[in-house]
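**Q** Build me a structure from this.
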Amino acid sequence: QVQLVESGGGLVQAGDSLRLSCAASGRTFNRYNMAWFRQAPGNERQFVSGITWSGGNTYYADSVKGRFTISRDKAKNTLYLQMNSLKPEDTAVYYCAVATRVTASKEEYDYWGQGTQVTVSS
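**A** Prediction:
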């Protein structure tokens, strides 16, 4: 069983930065492929960024490329999402998730956190 707990969301202004964290349980954290998704009201849950278990490969949605950075700390069993130059359209609930491979398809993810709200005001 895998448990994921996100934190770090909040209310910020456009242009500000936030860092989200996702604390993961499980002895095999270092073997998890992980990703961040987000869901705005009335929208589908969308892929934001993913990272392979080794950390050697990262993936980003075009809408966040160059502004967001995904990383992981194996010693702390924690996944991060550094979000810079935030825009109002980044407003959403952000979720971390675990899958056997990094993919933009949310259906392929086996475990999800409860989400953390990010609100960006203009």
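**Q** what residues are up against the residue nearest the centre of the chain?
**A** In the chain, the residue lying closest to the centroid (CA atoms, centre = their mean) is Trp36, at 2.4 Å. Trp36 sits next to 20, 22, 47-50, 70, 79, 81, 94-97 when contact means CB atoms under 8 Å, 6 or more residues apart in numbering. To be clear about C-beta, it is placed using only N, CA and C from the backbone, and glycine gets the same treatment.
**Q** Could you measure from it over to Asp90?
**A** 12 Å (CB to CB, to the nearest Å).
**Q** Ok, Ser71 next?
**A** Distance from Ser71 to Asp90, by CB to CB: 18 Å.
**Q** Glu107 too?
**A** Taking CB to CB, one finds Glu107 at 23 Å from Asp90.
**Q** Give me the more crowded residue out of these two.
**A** Asp90 (22 against 6; other CB atoms under 10 Å).
**Q** Provide a list of residues in contact with the more buried one.
**A** Asp90 touches Arg38, Val64, Met83, Val118, Val120, counting by CB under 8 Å, 6+ apart.
**Q** So the first one sits against Gln46, correct?
**A** Yes - with contacts counted by CB atoms under 8 Å, Arg38 reaches Gln46, the gap being 5.9 Å.
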